[in-house]
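Chemist: When you get a sec, could you give me coordinates for this:
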Amino acid sequence: QLVESGGGLVQAGGSLRLSCAASGFTLGSYAIGWFRQAPGKERETVSCISSRDGSTSYADSVKGRFTISRDLAKNTVYLQMNRLRPEDTAVYFCAQELGGTCRGVYDFWGQGTQVNVSS
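Modeler: Residues are numbered from 1 along each chain as shown. A predicted model of the protein is given here:
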């Protein structure tokens, strides 16, 4: 199971930290990605952290503002979001990718957490 938390309402320029807590499996065995979907828009890949070496990747739209990290002891992946913009408003999901590389199929998803950024 993957459970996201940490969403909420924040003013533009503010920060939020999302959490993706895993249960029933060892999070470090999978790549974990963060995705988002705004109303009327397609789902967008935001960031990913690989399983093998913890290497990270980011969408251009969030690079330099968002940071993905993981705490293997807590079996949790985080997404620190700074300098938030109204266009970051979306439902944010985390998902696991069995191959561990961030380039494969994401086959298990959390329920999502809503992020709203006001201007």
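
Chemist: what residues are up against S23?
Modeler: S23 is in contact with 1, 3, 75, counting by Cβ atoms under 8 Å, 6 or more residues apart in numbering. C-beta: built from backbone N, CA, C; applies to glycine.

Chemist: Who wins on neighbours among those?
Modeler: Counting neighbours by other Cβ atoms under 10 Å, the top entry in the contacts of S23 is N75, with 16 neighbours.

Chemist: wouldn't that residue be in contact with G24 here?
Modeler: No. The criterion here is Cβ atoms under 8 Å, and N75 misses it with G24 at 9.6 Å.

Chemist: Kindly state the beta-bridge partners for V10.
Modeler: Residues in a beta bridge with V10, per DSSP bridges, are V117.

Chemist: neighbours around it, how many?
Modeler: V10, neighbours per other Cβ under 10 Å, totals 17.

Chemist: Likewise for the one 3 residues further on?
Modeler: When counting by other Cβ under 10 Å, one arrives at 11 neighbours for G13.

Chemist: Could you check how far it is from S69?
Modeler: Between G13 and S69 the computed distance is 22 Å (Cβ to Cβ, to the nearest Å).
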